[in-house]
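Undergrad: A structural model of the following input is requested.
(chains A and B)
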Amino acid sequence: MLQEESSLQEEPSGVIDRGAIEHWRRRLPDLIVIAFGLVALFFASRLPFGSVSQPDSGFFPILICTLIVVFGCVSLATSRSTPAAEPDAAEAAPVEGAGGQLHVWSTVAAIAVYTLALNAVGFVICTAVLVVFLLRVIGRVSWKVSLVSGVVGAALSFEVFTLLGLPLPVGLLHF
Amino acid sequence: MELLHSLSLGFSVALEPMNLFYCFIGVLFGTLVGVLPGLGSAGAIALLLPVTYSLSPTSAIIMLAGIWYGSMYGGSTTSILLRIPGEPASVMTCVDGFEMARKGRAGAALGIAAFGSFIAGLLGLVGLILLARPLATFALDFGPPEYFALTLLGLTLVSYLGSDTSIAKALIMAALGLLLGTIGLDPVQSAERFTFGVLSLQSGIDLVPMVMGLFGISQLLQLVCGDEAPPEGLEAPKGLRALLPNREEWRASAGAIARGSFLGFIVGLLPGAGGTISSFTAYAVEKRISKHPEQFGKGAIEGVASPESANNAATASGFIPLLTMGLPANAVMALMLGAFMLHGITPGPTLLTQKPDMFWGLIVSMFVGNIMLIILNVPLIGLFAKVARIKSIYLVPLIAVACLIGAYGVNNNPTDILVMLGFGVFGFYAERHGFSLAPMTLAFVLGPLMELSLRQSLILSDGEFMVFLDRPIAATLLGGTVVMALVPILRFVGKKRELRGMRTVMRSESGPSA
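TA: Here you go, the predicted model:
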């Protein structure tokens, strides 16, 4: 009896915690927008506003930043009052695969590393490594296919982009 | 006579070998993009923007336009065979197209989609030719108040019509785009704004890395995030005969094609509407007026003919505001505006008089492109169906490399790649939380014009806001904006009243029994 009571007492607080997390998770994007709008308004207010008859460089930015804050508040208020009207972000988002966010951030990191290495290492090597990474690590394609795709892809891209007149960094090995 | 002379100029430009080649490349690439669900036409145009640096402005615009209307053809193939829309504008085609395919009429569905698209595309172009000159002449009377009112209406419509989820979120994105457009030097006083001492920001944010990030990288991140098995679906019919609808199907489709073309053309003129809304509208109207509405959703050929005609007619009319007034009607047109600007050309009422070869060359190239598309799509449907089954992970390196080199090629500066990556991450998470990217792109492109028009109007009128109401065109456009803004507010108030009424009824019903 006492154990049942304590478990009953525990469950409501667990539900509230999950509900509170979900409550703030849904509203976080709107809160970020409002915060961003306020910060942008702060920086915009340091520009000269001028007057209505002689609007200066700060006139339009201040107007727009104010609108961002207002629209952010409207979005927050309307999502509170009609939760069913707006699809939940998790439901609206496409179904994530097993990799999900890890794949996303791995890809972002790979592109960032590619960018930093591009001028030093050169287009062909960087592109080949990136293609192999994307196919093998992210896509779980076989090593053979990934390596062949990487080499062939980098070489073909080099030819195509050179023909199109796009500048390509050559790097240490001059290709 | 003048029209004939203009058309003959257009033919002389469009039939130049290089322009024919780039038109073909554009429509072929566009069809592939339409077929592949993982890559949208906006993303494809963003990817190819840097490639157009080395082309002549006319060839560049012809190729990019080919991608846009080519993708409308390609989208129907996967809709009908795999029940997966290759493009958002092909969503309605899935409904009846796939049902027709299941009943063994895939050929007829594919054939009517292709022929309907072709006829609608041609009709749309006729409308474009007839309306272009009068609209361009009309737009010559536009001053700063008219341009401000027009850009405001355009952004409002894009936010209200083009948003799938929350209008407030779409408006937030539009405002954000306007704010990003203010980074750099003030267009009137040349004062620095939001540069934070960074020299490269003085010229503002470059359009190419931004759109490549928003549409290319964000799409790439969506592909790496998902886990999709190759789609199954049905086999494509073999041979030309298999693609021809029978006489009864032609008869049933004729009216639907005509109505879809007309509706698509009108809806496509509206900023924010485009192929998707026009196809939805045409489908709804066709079902409403049909003698057998119960057939819709079960393989009615009108359910394929109408939306496919509408989305193709809308691609033609979507060019009208851009070419005649310099106002892009949707995100793809905003990218086209970006392409014009990259080549130092400002579309608008003077384009017709200052660059008639480009103007008429583009229009005639769209005729030629539609002919190429019907020739390509009919025999190659089987191949396109196979392409649609490629696992999306193989698209990822392709998109990545194209984006990376495209962004690098802007200024030979790796920083542009990081800017693109930043916008890509932003775009990925923004879309996941219901924030649409189209209003932001459009606002970024229109923002400088909007600000300049507003400030010039206020300076000229000495601060009197009545300047926007004293001029009939500006007043009408502003009136349209107010109506658009009021409709959802009134709907919201109405819903609240309805809910309150229901609660009162429920309380009174439960009251006596308690």
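Undergrad: the helix or strand of chain A with the lowest mean pLDDT: what's the following helix or strand?
TA: Ranking every helix and strand in chain A by mean pLDDT, DSSP states H and E puts helix A:89-92 at the bottom, with a mean of 44. Once the chain leaves helix A:89-92, the next helix or strand it forms, by DSSP states H and E, is helix A:101-121.
Undergrad: packing partners for that following helix?
TA: helix A:123-132, helix B:218-225, helix B:395-411, helix B:414-432 (3 or more C-beta pairs under 8 Å, 6 or more residues apart in numbering or on different chains; DSSP states H and E). (C-beta placed from N, C-alpha, C; glycine too.)
Undergrad: pLDDT of that helix, averaged?
TA: Helix A:101-121 shows a mean pLDDT of 91.
Undergrad: to B:A170, which of the helices and strands packed on helix A:101-121 lies closest?
TA: Of all the helices and strands packed on helix A:101-121, it is helix B:414-432 that lies closest to B:A170, at 11.0 Å by C-beta to C-beta.
Undergrad: CA atoms only for the closest one, dumped as CSV, please.
TA: Taking Å, rounded to 0.1, in the frame of the first residue of the first chain, the C-alpha atoms of helix B:414-432 are listed here in CSV:
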residue,chain,number,x,y,z
PRO,B,414,37.2,29.7,-48.2
THR,B,415,35.4,32.0,-45.8
ASP,B,416,32.4,32.0,-48.2
ILE,B,417,32.2,28.2,-47.7
LEU,B,418,32.0,28.7,-44.0
VAL,B,419,29.2,31.3,-44.5
MET,B,420,27.4,28.8,-46.7
LEU,B,421,27.8,26.1,-44.1
GLY,B,422,26.4,28.5,-41.4
PHE,B,423,23.4,29.2,-43.5
GLY,B,424,23.0,25.5,-44.3
VAL,B,425,22.9,24.6,-40.6
PHE,B,426,20.5,27.4,-39.9
GLY,B,427,18.2,26.4,-42.8
PHE,B,428,18.2,22.8,-41.8
TYR,B,429,17.1,23.5,-38.2
ALA,B,430,14.8,26.4,-39.3
GLU,B,431,12.8,24.1,-41.5
ARG,B,432,12.6,21.4,-38.9
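Undergrad: check contacts around B:T156.
TA: When contacts are counted by C-beta atoms under 8 Å, 6 or more residues apart in numbering or on different chains, B:T156 is found next to B:481, B:484-485.
Undergrad: switch to 6 Å and redo it
TA: B:481, B:484 (C-beta atoms under 6 Å, 6 or more residues apart in numbering or on different chains).
Undergrad: try B:L418
TA: A:T115.
Undergrad: okay, it: pLDDT?
TA: For B:L418, pLDDT reads 91.
Undergrad: ranges for the strands of chain A?
TA: Here chain A has no strands by DSSP state E.
Undergrad: what are the ranges of the helices in it?
TA: For chain A, helices defined by DSSP state H occupy the ranges A:2-44, A:59-81, A:89-92, A:101-121, A:123-132, A:143-163.
Undergrad: tell me, how many residues neighbour B:D141?
TA: Neighbours of B:D141 under the rule other C-beta atoms under 10 Å in any protein chain shown: 10.
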